[in-house]
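Asker: Generate a structure from the sequence data that follows.
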Amino acid sequence: MSALRLLVIEGNTRAARERSVASGGTVASESYAELLRSLSPAGTITDICYPADPGANLPDSGGLEGYDGVAITGSALNIYDGGPAVDPQIELVRALFRTGTPCFGSCWGLQLATVASGGAVGKHPEGREIGIGRRIEILTPGHGHGLYLGKPRLFDAITVHLDQVETLAPGTTVLATNSWSEVQAAEIDTPGSGNFWGVQYHPEYTFAEIAAVFRRYGDILIKQGIFDDVAAQDAFIADLDALHADPGSKPLIWKYGLDQTILDPAIRTRELKNWIEQAVLPARSSRGRA
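Answerer: The predicted model follows:
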């Protein structure tokens, strides 16, 4: 039997990837690919493409058909800005959808799929939802849906986003919501008889990764009113790093009101494992590849 083949689409430009590493974070696509390999059958191959980079070699539609599943990372870009870093990503996702290959997207990935399918994305009027997305609720269409098998009905998640889905694309079913953004998860029926599962939060993130995000944003978060001053922000970042080192720290768990939905990696990453098991592997079998 041939190895499972997954493609990770990096949403960031080279400059943004370098900023992420400089702040103590990772290149999104590289850590995403590593996580997918850990959640997939042994021997899974994960490739990466960089459509936001000038002159990037992008898989054509035939190349995309060769993959069993495609995942899209988050991004520091804003899709409504368009331009050479954004437009090729939209076209790539449209080509992907025509193949019927199962697709998953985190944050930017959900926004990209929405716009590629005819919906709209805009800036949240209150600014960023960042750090911990609270009380995300699985809606009735999400009960029993493959995305959320084994996930509690209410959960918290690591998150960072300024933009959100404003107009649903045709064929969209909203699967989860919270008080910040109406669309926290959705399924989109795609033109190639495939499907897209996406979330507005980041099941792939660790506490260390979101700590790096806070370091990158700096004064922006103080201006938004999330922190009073630099000292308060630095203290919070230090707590995130400490939680990464010791997720069982009782003082920090009590301080921030955390539960196992965000502390336990198996629960935190459940959506990605479910996507592989409930979408990618069945589609692979139906294509005669298993």
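
Asker: Poorly predicted segments of the stretch 101-250 of the chain, please.
Answerer: Filtered on pLDDT under 70, the stretch 101-250 of the chain yields the residue ranges 192-193.

Asker: And the strands in it, which stretches?
Answerer: 103-106, 120-123, 129-138, 154-161, 163-167, 172-177, 185-189, 195-199 (DSSP state E, counting those that start in this stretch).

Asker: Kindly reformat those as a markdown table containing distance to Ser23 and mean neighbour count.
Answerer: Every residue, glycine included, has its C-beta placed from N, CA and C. Output for the strands of the stretch 101-250 of the chain, formatted as a markdown table (distance: least, CB to CB, whole Å; neighbours: other CB atoms under 10 Å):
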| stretch | distance to Ser23 | mean neighbour count |
| --- | --- | --- |
| strand 103-106 | 19 | 28 |
| strand 120-123 | 23 | 15 |
| strand 129-138 | 14 | 19 |
| strand 154-161 | 13 | 22 |
| strand 163-167 | 21 | 19 |
| strand 172-177 | 29 | 20 |
| strand 185-189 | 27 | 23 |
| strand 195-199 | 23 | 27 |
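
Asker: Now render those strands as a markdown table, adding distance to Lys250.
Answerer: Formatted as a markdown table, those follow (distance: least, CB to CB, whole Å):
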| stretch | distance to Lys250 |
| --- | --- |
| strand 103-106 | 30 |
| strand 120-123 | 38 |
| strand 129-138 | 17 |
| strand 154-161 | 17 |
| strand 163-167 | 34 |
| strand 172-177 | 29 |
| strand 185-189 | 30 |
| strand 195-199 | 29 |
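
Asker: wait, which of those strands is closest to Ala235?
Answerer: For the strands of the stretch 101-250 of the chain, proximity to Ala235 was assessed by CB to CB; strand 129-138 is nearest, at 13.1 Å.

Asker: Contacts for the closest one, please.
Answerer: Under the contact criterion CB atoms under 8 Å, 6 or more residues apart in numbering, strand 129-138 has outside partners 148, 151, 153-161, 175-181, 184-185, 200-201, 210, 213-214, 217, 221, 226, 236, 240, 256, 258, 262.

Asker: repeat for stretch 151-161
Answerer: 74, 107, 124, 128-138, 143, 181, 199-203, 205-207, 209-210, 213, 258-259, 261-262, 267-268, 270-271, 274.

Asker: Off-centre distance for that stretch?
Answerer: Centroid separation between stretch 151-161 and its chain, computed with CA atoms, centre = their mean, to the nearest Å, is 12 Å.

Asker: Next secondary structure after the helix or strand hosting Thr261?
Answerer: Element membership of Thr261, judged by DSSP states H and E, is helix 260-263. For helix 260-263, the succeeding helix or strand toward the C-terminus, using DSSP H and E, is helix 265-268.

Asker: buried stuff in that next one?
Answerer: Ile267, Arg268 (16 or more other CB atoms under 10 Å).

Asker: Check stretch 83-94 too.
Answerer: Residues of stretch 83-94 classed as buried: Ala85, Val86, Pro88, Gln89, Ile90, Leu92, Val93, Arg94 (neighbour count, 16+ other CB under 10 Å).

Asker: do stretch 69-88 as well
Answerer: Of all the residues in stretch 69-88, those buried under the rule 16+ other CB under 10 Å are 69-79, 85-86, 88.

Asker: now swap in stretch 199-209 and tell me
Answerer: Val199, Gln200, Tyr201, His202, Pro203, Glu204, Tyr205, Thr206, Phe207, Glu209.

Asker: and of those, the nearest to Ser20?
Answerer: Distance to Ser20 across those (CB to CB) is lowest for Glu209, with 8.8 Å.

Asker: Now do the contacts for the nearest residue to that closest one once chain neighbours are set aside.
Answerer: Using CB to CB, 6 or more residues apart in numbering and skipping residues adjacent in sequence, the residue nearest Glu209 is Gly25, 5.5 Å away. Listed by CB under 8 Å, 6+ apart, the contact set of Gly25 reads Ala208, Glu209, Ala212, Val213, Arg216.

Asker: Many thanks, we can stop here.
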